[in-house]
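Q: Sequence and predicted structure, then a few things I'm wondering about:
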Amino acid sequence: MGIIGTIVVGFIVGLIARAIKPGDDRLGLIMTTLLGIAGAFIARYVGMAMGWYHEGEAAGWIASVVGAIVLLVIYGLVRGSSKRL
C-alpha cells in the first residue's frame with residue numbers, strides 16, 4: 001500500500017476510533033489521521049509479530065481501530081495532565 005492508501009486507511013481508522021471512544025476529544029482532521037495511522041501501524045506490527053493474524057485479514061482492521069483507541073486514550077491522558085499544570 002502506498003503512502004496515499006496509508007493516509008486514507010489511517011483517516012478511516014481514526015474516525016472509527018473517535019466514534020467508538022466516548023468523550024469529547026476535540027481533535028482536528030490532521031490529528032485524527034495521524035493517530036489513526038500510528039494506531040494502524042502499531043497494531044499491524046504487534047499483531048503480525050505475535051502471530052495473531054496475517055497481512056490482509058479482517059483482524060488487522062479491528063486491531064488497527066483498537067490501536068487507535070489506545071492512542072486516543074493515551075493522548076487524552078497526556079493532554080489532560082498538561083492542562084492541569
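A: Arrived safely, thanks for sending. Everything quoted here is computed from the prediction, not taken from an experiment.

Q: What about residue 20, how many residues nearby?
A: 12 (other C-beta atoms under 10 Å). Placement of C-beta: from N, CA and C, glycine included.

Q: residues contacting it?
A: 65, 69 (C-beta atoms under 8 Å, 6 or more residues apart in numbering).

Q: Phi first, then psi, for the most centrally placed residue in the chain.
A: Nearest to the geometric centre of the chain sits residue 68, at 2.0 Å (C-alpha atoms, centre = their mean). Backbone torsions for residue 68, taken as degrees, to the nearest 10, come to phi -70, psi -40.

Q: On the pLDDT front, check it for me.
A: Looking at residue 68, its pLDDT reads 85.

Q: now swap in residue 48 and tell me
A: Model confidence at residue 48 (pLDDT) stands at 78.

Q: any idea which element it lies in?
A: Taking DSSP states H and E as the criterion, residue 48 maps to helix 29-50.

Q: Tell me how far that helix lies from the chain's centre.
A: 5 Å (C-alpha atoms, centre = their mean, to the nearest Å).

Q: What of stretch 66-78?
A: The answer for stretch 66-78 is 8 Å, by C-alpha atoms, centre = their mean.

Q: And for that stretch, what's in contact with it?
A: Surrounding stretch 66-78, the residues in contact under the criterion C-beta under 8 Å, 6+ apart are 13-14, 16-18, 20-21, 23, 25, 27, 35-36, 38-43, 46.

Q: one step back: name the helices or strands packed onto the helix holding residue 48?
A: helix 3-20, helix 58-84 (3 or more C-beta pairs under 8 Å, 6 or more residues apart in numbering; DSSP states H and E).

Q: so where's the chain uncertain?
A: 1-3, 6, 23-25, 58-59, 81-85 (pLDDT under 70).

Q: mind checking how far residue 7 is from residue 66?
A: Between residue 7 and residue 66 the distance is 20 Å, computed by C-beta to C-beta, to the nearest Å.
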